[in-house]
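Chemist: I'll drop the sequence and a predicted model, then ask my questions.
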Amino acid sequence: QVQLVESGGGLVQAGGSLRLSCAASGRTFSSYTMGWFRQAVGKEREFVAAISWSGGSTYYGDSVKGRFTISRDNAKKLVDLQMNSLKPEDTAVYHCAADPRTADRTTRFKIYGMDYWGKGTLVTVSP
């Protein structure tokens, strides 16, 4: 099992950047696929990004491709989401997540999410 705590959210102007971090606890962190999801008010949860256990493979939702980058440090048990060129439509609560399945299961992740979740951190992008 793994516990997840996000940090780094806040208010930023459109066009700006923000970096989210997710601190994980648990002995098997390095064997989990890690991901980020977001949920805006009144909208369904959206898949943002996923990264394989080794960090060698990454996957992104269409709305963030080319602007967001996911990375991980297994030694420190950290997963980061670098967000650039932010838009007002990126405003949402961002959740870190973990799953024992391989990272290429993005179709499943988009529908069912992942097995373990953090409580989330709010990102607000002003026009």
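Modeler: Noted; the coordinates are in hand. Numbers count the residues shown, from 1 in each chain.

Chemist: The nearest residue to Gly15 once chain neighbours are set aside - how many residues pack around it?
Modeler: Nearest residue to Gly15, sequence neighbours excluded (C-beta to C-beta, 6 or more residues apart in numbering): Ser85, at 6.3 Å. (C-beta placed from N, C-alpha, C; glycine too.) Neighbour count for Ser85, taken as other C-beta atoms under 10 Å: 13.

Chemist: so Phe109 sits in a helix?
Modeler: Yes. Counting by DSSP: H, G, I helix; E, B strand; the rest coil, Phe109 is found in a helix.

Chemist: Identify the bridge partners of the residue positioned nearest the centre of the chain.
Modeler: By C-alpha atoms, centre = their mean, the mean C-alpha position of the chain lies nearest to Trp36, the distance being 1.8 Å. Beta bridges link Trp36 to Ala49, Cys96, judged by DSSP bridges.
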